[in-house]
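[1] got a predicted structure here, sequence first:
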Amino acid sequence: MEEIEIYSWATLDAIKKAADIIETIGNLHSTHEMSVFCVIEDDYLELCYSDTSNNYLRRYDDEEEFEAAIEERREELDEANYEDEDFEEDYEEEEEDLDFEEEDDY
């Protein structure tokens, strides 16, 4: 695996536009990080966008290493998503309770 730091999202976007996207993991709004796994010819790439740290491009040596990186990133970023989902579930439950109370007032 090789990694280089990318200073501009525009550069990452240009690479992404030229690639075949395999999977996107993460969300800049909730996890502040998003990885786009893609392929250009024989190159397996990860484009990492981040709000809080450096952006980077990773090139994996082969498909096996690439697939392992996708699984690893899912595990890393899904943990943060579960925390957000718990908050959303609590909010939805509160909202349902409020709707029920409003109906009683009529």
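    Sure, I can see it.
[2] so, low pLDDT: which residues of the protein?
    Residue ranges of the chain with pLDDT under 70: 79-106.
[3] and the helices in it?
    According to DSSP state H, the chain carries its helices in the segments 9-18, 63-104.
[4] excluding chain neighbours, give the residue nearest to N54 in space.
    Here the nearest residue to N54 in space, its sequence neighbours aside, is E5; by Cβ to Cβ, 6 or more residues apart in numbering that works out to 5.1 Å. Where you see a C-beta, it was placed from the backbone N, CA and C, and this is true even at glycine.
[5] next one: I21
    Closest residue to I21 apart from its sequence neighbours, by Cβ to Cβ, 6+ apart: C38 at 4.8 Å.
[6] which residues touch that neighbour?
    Contact criterion Cβ atoms under 8 Å, 6 or more residues apart in numbering gives 15-16, 19-22, 45-47 as the residues in contact with C38.
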